[in-house]
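Novice: Structure for this input, please:
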Amino acid sequence: MITDLGLRYGDRSLFEEVSITLGEKDRIGLVGRNGAGKSTFLKLIAGEMSPDSGRISIPPRARVGYLHQDMTVPQDKTVIQESLSAFAHLKKLEHDIDKYQEEVTTRTDYESDGYMKLLENLAEATDRFQYLGGNTMQVDAERVLSGLGFKPTDMDRSVAEFSGGWQMRIELAKLLLQKPDYLLLDEPTNHLDIESILWLEEFLQSYEGSVIVISHDRSFLDAVTKRTIEIELGKVYDYRANYTKFKVLQRERREKMSATAKNQQKEIEHKEKLINKFRAKKNKAKLAQTLIRQLDKMEIVEVEAEDAGAMKMRFMPAPRAGEVVIDIEKMTKCYDEVEVLNDVNFKMIRGERIAFVGQNGQGKTTLSKIIAGKETVSGGKAEQGYNVELAYYAQNQAESLDRNKTVLQTMEDASPPELRTRLRSILGSFLFSGEDVEKKISVLSGGERARVALASLLLRPANLLILDEPTNHLDMISKDVLKKAVLEYDGSLIVVSHDRDFLTGLTDKTLEFKDHKLITHLGDVQEYLTKRQLDSMRELEKKSTVAKPSAAPVNSDASPEKKPERVLSAEEKKHFNRQEQELQKKVKKAENKIEKTEKELKALEVKMAAEDFYGSAGSQDIIDSYDKTKATLQQAMDQWEAEQMEYEDFMAQYT
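Specialist: Sure thing, here's the model as predicted:
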């Protein structure tokens, strides 16, 4: 329960009197622009920060788990050892159970209250130990690690051998194994490939606790969440909907707020005009003071513009290249004794748009670097075609910028001489204006660095564009802008990404990296995923013909069985039809109430818009009636929402 939460940073109010109730098994997506306060909100719930006002109440014994964007993982253990450290609370519980059991065997006061209490404590501790997976710690740890992309051979490798992204997976695995009552995830998909994201979606869908997640992956939010909380201008707006439905409701809310703000501004201007008119007249001075007090009490309606803070991006026209852009034959790539790619053949024709997908470590980035000329091959041939002009955005492009240089210096280093005079203008379209261009890279956020790196990409014309995880650190609006620019780009394209929403419709061919080889799939990522899902179901059916049925493990990453269609008896169908009609009537009644109240409000606004309104008799009664009608409209809207939710919940039971 969050009540009247308030937090300020200097003169800026980040939250103002925010109140939210978090329910059991809630699935919440936390959204808002960069800088709106999403990560801060999670830190407040996790207890890592304290609000200036209000309170956050967590139920007794409830546990909160929080995945930061930046976490440090101990380096002195193996992957499985570090993952098992998540069960420290279970080790303590196991110790308590041993202590209770020893006491039970030594005491003889079987009829006493103390002995009964001891048995209760033992039963409660044993039940909790089993519920939290105490009997299957090793198995659960290996299952979760496998779901997040670790191979059996990785379990005994040192944590220090893995990159930062893989270490974040270990931290996520530990958090999932702890099964906190409130699971707070800040950008959990940033370091995951598509298959690991799909596994995480299934895991969270059946998770027993509540989940609050910040993510820029629309598909992930749609799959996992059923409620969306938007942070905007210090306030929160709560929607009982996943992300896609939220966007529709958000647009409707903003349209209504924009209309309200426009009417309010007219009202303010009208009152200010009357105040200036009446202020100097003795017989009207009292009325002027009344109007001034009304303006002072008025709560100004603020609406954040849809395209506020959106960068502008467009690639230069692509010079013409030869028919074959990339030609790779019998190519092998090894790092020391580790083979990444083996006997790869790949030919790219001018104008093709290709997505590289597959688990991390399968060679997507390696092949991108080889094509870009950043890596050499161990065997075979990898050549660029005739007149290929290449632009390459590396996976760590934003992090690899020189931290000691300014934004403008970074652009100057990447720019041809003829564009030097336009750099400030280009940076302005990427939201770096005025003194911002003199900021050092070291003080920029991850999103700001990504924008600098993308801006540098536009400075030279290219007919082959290679983008390796370009959406990392970008908010949803910036991702949309980038996708639109890439869609309009007229050259050849290779894109490596785990972001399904970004990839959807962007390419016409998908290359899957698996077991050191490339598998070609025609179509975009959605067609590829659909095909993979069918393949996996066929594999599941094959296994089921030979495998004996067994109870599914608690955290199984197997595909869920299809829910059987519910068949209603005649009596149940009769009850269903009657109940559905009653609920529909309630919704319709609430809608009629809103429509009627809106008409009444409109009629009052017409009266108040009259030029002589505030000087006429009875104006105050109309103003009071207007305020009362506005309150009635809000109540009607709340009632409609409650009735609509009741109807949807009822229908969900039968679908």
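Novice: My reading is that Leu7 lies in a strand. Confirm?
Specialist: Yes. Counting by DSSP: H, G, I helix; E, B strand; the rest coil, Leu7 is part of a strand.
Novice: Which helix or strand lies directly C-terminal to the longest helix seen in the chain?
Specialist: The longest helix of the chain (DSSP state H) is helix 570-608. Next along the chain after helix 570-608, taking DSSP states H and E as the criterion, comes helix 619-652.
Novice: thinking again about what came up before, what's the mean pLDDT across the longest helix of the chain?
Specialist: The average pLDDT within helix 570-608 is 78.
Novice: tell me which residues in that helix are buried?
Specialist: Buried residues in helix 570-608, counted by 16 or more other Cβ atoms under 10 Å: Leu583, Lys586, Val587, Ala590, Lys593, Ile594, Thr597, Glu600, Leu601, Leu604, Met608. Using the backbone N, CA and C atoms, a C-beta is placed for each residue, glycine as well.
Novice: now it, how far from the centre of its chain.
Specialist: Distance of helix 570-608 from its chain centroid, counting by Cα atoms, centre = their mean, to the nearest Å, is 34 Å.
Novice: Show me what that helix is packed against.
Specialist: helix 619-652 (3 or more Cβ pairs under 8 Å, 6 or more residues apart in numbering; DSSP states H and E).
Novice: what domains does the record give for the chain?
Specialist: Taking automatic domain parsing as the criterion, the chain consists of the domains 2-86+144-246, 247-297, 324-534, 570-652.
Novice: Distance to Lys374 added to the buried residues of helix 570-608, as JSON lines?
Specialist: Output for the buried residues of helix 570-608, formatted as JSON lines (distance: Cβ to Cβ, whole Å):
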{"residue": "Leu583", "distance to Lys374": "61"}
{"residue": "Lys586", "distance to Lys374": "64"}
{"residue": "Val587", "distance to Lys374": "59"}
{"residue": "Ala590", "distance to Lys374": "61"}
{"residue": "Lys593", "distance to Lys374": "65"}
{"residue": "Ile594", "distance to Lys374": "60"}
{"residue": "Thr597", "distance to Lys374": "64"}
{"residue": "Glu600", "distance to Lys374": "68"}
{"residue": "Leu601", "distance to Lys374": "64"}
{"residue": "Leu604", "distance to Lys374": "68"}
{"residue": "Met608", "distance to Lys374": "68"}
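Novice: Show me which pair in these is furthest apart.
Specialist: Using Cβ to Cβ, the pair of the buried residues of helix 570-608 lying farthest apart is Leu583 and Met608, separated by 37.4 Å.
Novice: And the pLDDT at the residue nearest to Gly133 when sequence neighbours are not counted?
Specialist: Leaving aside its sequence neighbours, Gly133 sits nearest to Asp140 (Cβ to Cβ, 6 or more residues apart in numbering; 5.0 Å). Note on Asp140: pLDDT of 89.
Novice: out of the domains of the chain, nearest to Tyr115?
Specialist: Of the domains of the chain, nearest to Tyr115 by Cβ to Cβ is domain 2-86+144-246, at 24.1 Å.
Novice: start to end distance for the closest one?
Specialist: Using Cα to Cα, to the nearest Å, the end-to-end distance of domain 2-86+144-246 comes out at 22 Å.
Novice: And stretch 62-71, by the same measure?
Specialist: One end of stretch 62-71 sits 23 Å from the other (Cα to Cα).
Novice: residue nearest the centroid of this structure?
Specialist: Ser215 (1.6 Å; Cα atoms, centre = their mean).
Novice: from the buried residues of helix 570-608, which single one is nearest Tyr237?
Specialist: Ile594 (18.4 Å).
Novice: Please name the nearest non-neighbouring residue to that closest one.
Specialist: Per Cβ to Cβ, 6+ apart, closest to Ile594 is Ala636, 4.7 Å.
Novice: Thr410 contacts Ser456, correct?
Specialist: Yes. Thr410 sits in contact with Ser456 when judged by Cβ atoms under 8 Å, with a separation of 6.8 Å.
Novice: ok, so what distance separates the residue nearest to Ile594 from Met608?
Specialist: 21 Å (Cβ to Cβ, to the nearest Å).
Novice: where does the stretch 351-500 of the chain have low pLDDT?
Specialist: Across the stretch 351-500 of the chain, nothing is flagged by pLDDT under 70.
Novice: Try it again at 80.
Specialist: 359-361, 399, 445-447, 473, 475 (pLDDT under 80).
Novice: where along it do the strands fall?
Specialist: For the stretch 351-500 of the chain, the strands defined by DSSP state E, counting those that start in this stretch occupy 353-357, 379-384, 390-393, 464-468, 492-496.
Novice: Does Thr189 touch Ile214 like I think?
Specialist: No. Judged on Cβ under 8 Å, Thr189 makes no contact with Ile214 at a distance of 10.3 Å.
Novice: Output stretch 453-461 as PDB, nothing but the C-alphas.
Specialist: C-alpha atoms of stretch 453-461 as PDB (Å, rounded to 0.1, in the frame of the first residue of the first chain):
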ATOM      1  CA  ALA A 453      26.100   7.100 -30.900                       C
ATOM      2  CA  LEU A 454      23.100   7.100 -33.200                       C
ATOM      3  CA  ALA A 455      23.600  10.700 -34.200                       C
ATOM      4  CA  SER A 456      27.200   9.800 -35.300                       C
ATOM      5  CA  LEU A 457      25.800   7.100 -37.500                       C
ATOM      6  CA  LEU A 458      24.000   9.600 -39.700                       C
ATOM      7  CA  LEU A 459      27.000  11.700 -40.600                       C
ATOM      8  CA  ARG A 460      28.100   9.600 -43.700                       C
ATOM      9  CA  PRO A 461      26.100   8.000 -46.400                       C
END
